[in-house]
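**Q** only geometry, no sequence info:
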C-alpha cells in the first residue's frame, strides 16, 4: 500500500476478548501509518463464494487475551453488502485438522462516512469512497 492508498483504507481493531491467546497470521508493515501489522482476510459479498487470502510468507503471532491489533483494509473490501473475515486459531490448536475460527467485520458496522456504494463485477465488490475515514472501528469480534 502506498501513501496515496492510505486514504482509501479503513482502520480495524481485532481485539481478543477470550481468556486464551489466539494465533493470527500476519506480516510486518512499512510504517505505523498502516497499522500494527498486515493481516490476511477473506472478502465475502452478497452470498458469493469468499475471495480467500492466505499467507505464503508470514509469521504466526500470538495475540494475548485482552490485547488488540490495529490493521488497515482497503475500503472496497468493506463495500455495502460485503464483509471480511480474519482467520485465527487458539493457542492450543496445533493440528491441521482443527476447526477454523474467524472474526468478522461487516460493512453495516461502519459509520456512514466510511461506507462505499457497492458495484459488483465478476466476483469482487468495488466502489467509490464517500469520504476519507481515519478513526478505528472497534468490534467485539471474539467472545
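**A** Arrived safely, thanks for sending. It should be emphasised that the depicted structure is a prediction, and the values quoted were computed from it without experimental measurement. Numbers count the residues shown, from 1 in each chain.
**Q** tell me the contacts of residue 55?
**A** 25-27, 40 (C-beta atoms under 8 Å, 6 or more residues apart in numbering). The way it works is simple: take the backbone N, C-alpha and C, and place the C-beta from them, glycine included.
**Q** could you give the number of residues near the residue nearest to residue 67 when sequence neighbours are not counted?
**A** Excluding its sequence neighbours, the residue lying closest to residue 67 (C-beta to C-beta, 6 or more residues apart in numbering) is residue 16, at 5.7 Å. Number of residues near residue 16 (other C-beta atoms under 10 Å) recorded here: 21.
**Q** repeat that for residue 62.
**A** Residue 62 sits with 13 neighbouring residues when counted by other C-beta under 10 Å.
**Q** can I assume residue 62 is in contact with residue 20?
**A** No - using C-beta atoms under 8 Å, residue 62 is not in contact with residue 20; the gap is 10.0 Å.
**Q** quick check: neighbours shared by those two?
**A** With C-beta under 8 Å, 6+ apart, residue 62 and residue 20 have common neighbours residue 91.
**Q** so the residue nearest to residue 67 touches residue 68, yeah?
**A** Yes - using C-beta under 8 Å, residue 16 is in contact with residue 68, at 6.9 Å.
**Q** flag every buried residue along stretch 14-22.
**A** 14-16, 18, 21-22 (16 or more other C-beta atoms under 10 Å).
**Q** how far out from the middle of the chain is the longest strand along the chain?
**A** For the chain, the longest strand by residue count, based on DSSP state E, is strand 82-90. Here the centre of strand 82-90 is set off from its chain's centre by 7 Å, with C-alpha atoms, centre = their mean, to the nearest Å.
**Q** no further questions, thank you.
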